[in-house]
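Asks: Sequence unavailable; structure follows:
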């Protein structure tokens, strides 16, 4: 029998949310006993994968060892979680052991489900089928863009929830630019097939993006969802209002469907969809007051971005500290999220907004315009902010990420 262990605060997940909230907790409470349960060896700066797929940076720049980002003083339990017993305050680990806690923070992220679309997993990275939603696959997107000699290039976006919603369209705009630079755009048909009813849910930024779309002469097909890849015939099958549409492609970039992590599906701490059932403002569980959620694994109705975690981290840290002290937390999250919408090489619209889909902008100018300065923010400043501030418990009262 594996010996049971215990920690005062246990965090499930060593992604952005888990590392950031651990760092903040250690700064808030001296000698706090915190453990992170995370099986992976590597931590990824996933917002950088769009730039990898566009040939702007190398994939290696987006990866660091997990041990280097876990805050000193935090116990790293390199294991997975199979189940949560909130009444017994106990986790069942993948190794067969168990782990007790007083306070639990679930930062388990979201599962990229390549298997939902028949034909996708086995064709990924081959014959023009690519995706930026994987560290190994993102460089192959750039290879496909470089090798594209004209024809039909399709870019897809699934129904929500999925992380970094802007990424599906960013690579569309960058690929269009790349095709123009390589003189193949004139003999290319560039299509964006999205399950959404429009390009972006915030009107101000949608207006800016529609100008980009018109300028680039892109074929936009909304409420059109990818349901199958037929790699042998290079055909993509879409569902459009219950009707099937088949489009032949020379290249297709797929934003895959996503779902809750397996161990959360059917859990008593989750809703019917498998998402951790928290109050959308306090991020405290609706039933279990010693459990909190952060990031993509919760059922908060915000855009699932790294910037959302920037907004959630101080709220979770503050309310956990209050709970440890036997108090009711007062910190509240307003749904802040940010999408740095890269519209081409050297161009970016920085969308920042809240739960009500109202702009919540950082900078003292109109962010509803393409700007080179915001592109440089995305390329240079935000990665540094991510590694050196967000993950290290620094002051988060700065611009989007």
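Replies: Received it, and whenever you're ready, just let me know what you need. As the structure is a prediction and not an experimental result, all values here were calculated from the model. Residues are numbered from 1 along each chain as shown.

Asks: buried stuff in the strand or helix carrying residue 229?
Replies: With elements taken from DSSP states H and E, the one containing residue 229 is strand 225-230. Residues 225-227, 229 are the ones in strand 225-230 that count as buried (16 or more other CB atoms under 10 Å). C-beta coordinates here come from the backbone N, C-alpha and C atoms, glycine included.

Asks: These into CSV, with extra columns for pLDDT and distance to residue 305?
Replies: Formatted as CSV, these follow (pLDDT from 0 to 100; distance: CB to CB, whole Å):
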residue, pLDDT, distance to residue 305
225, 98, 22
226, 98, 22
227, 98, 26
229, 98, 27
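
Asks: Just send those residues back as CSV, with distance to residue 25 too.
Replies: What follows is the buried residues of strand 225-230, written out as CSV (distance: CB to CB, whole Å):
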residue, distance to residue 25
225, 40
226, 40
227, 43
229, 43
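
Asks: longest single helix anywhere in the chain?
Replies: Counting residues, the longest helix found in the chain (DSSP state H) is helix 306-324.

Asks: list the helices and strands it packs on?
Replies: Other elements packing on helix 306-324 under the criterion 3 or more CB pairs under 8 Å, 6 or more residues apart in numbering; DSSP states H and E are strand 5-12, helix 16-28, strand 98-106, strand 291-293, strand 337-344.

Asks: try 6 Å
Replies: Applying 3 or more CB pairs under 6 Å, 6 or more residues apart in numbering; DSSP states H and E, one finds that helix 306-324 makes contact with helix 16-28, strand 337-344.

Asks: what is the mean pLDDT for the helix or strand following the shortest one?
Replies: Once strand 337-344 ends, the next helix or strand along the chain (criterion: DSSP H and E) is strand 347-353. Model confidence over strand 347-353, given as mean pLDDT, is 98.

Asks: Equivalent analysis for stretch 389-397, please.
Replies: In this model, stretch 389-397 has a mean pLDDT of 88.

Asks: Give the buried residues for that stretch.
Replies: By neighbour count, and taking 16+ other CB under 10 Å as the criterion, the buried residues in stretch 389-397 are 389-391, 393, 396.

Asks: Put together TSV for the residues you listed, with secondary structure on each row.
Replies: Compiled in TSV, the buried residues of stretch 389-397 are given as follows (DSSP: H, G, I helix; E, B strand; the rest coil):
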residue	secondary structure
389	coil
390	helix
391	helix
393	coil
396	coil
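
Asks: closest to residue 68 among the residues you listed?
Replies: Taking CB to CB as the measure, residue 68 lies nearest residue 391 of the buried residues of stretch 389-397, at 9.9 Å.

Asks: Isn't the closest one up against residue 21?
Replies: No - counting by CB atoms under 6 Å, residue 391 stays clear of residue 21, with 10.3 Å between them.

Asks: Let me see the ranges of the strands in the stretch 151-300 of the chain.
Replies: Here the stretch 151-300 of the chain has its strands, by DSSP state E, counting those that start in this stretch, at 151-157, 188-194, 219-221, 225-230, 235-240, 243-248, 251-253, 258-259, 291-293.

Asks: which of these sits most buried?
Replies: The highest average neighbour count among these, using mean count of other CB atoms under 10 Å, belongs to strand 291-293 at a mean of 27.
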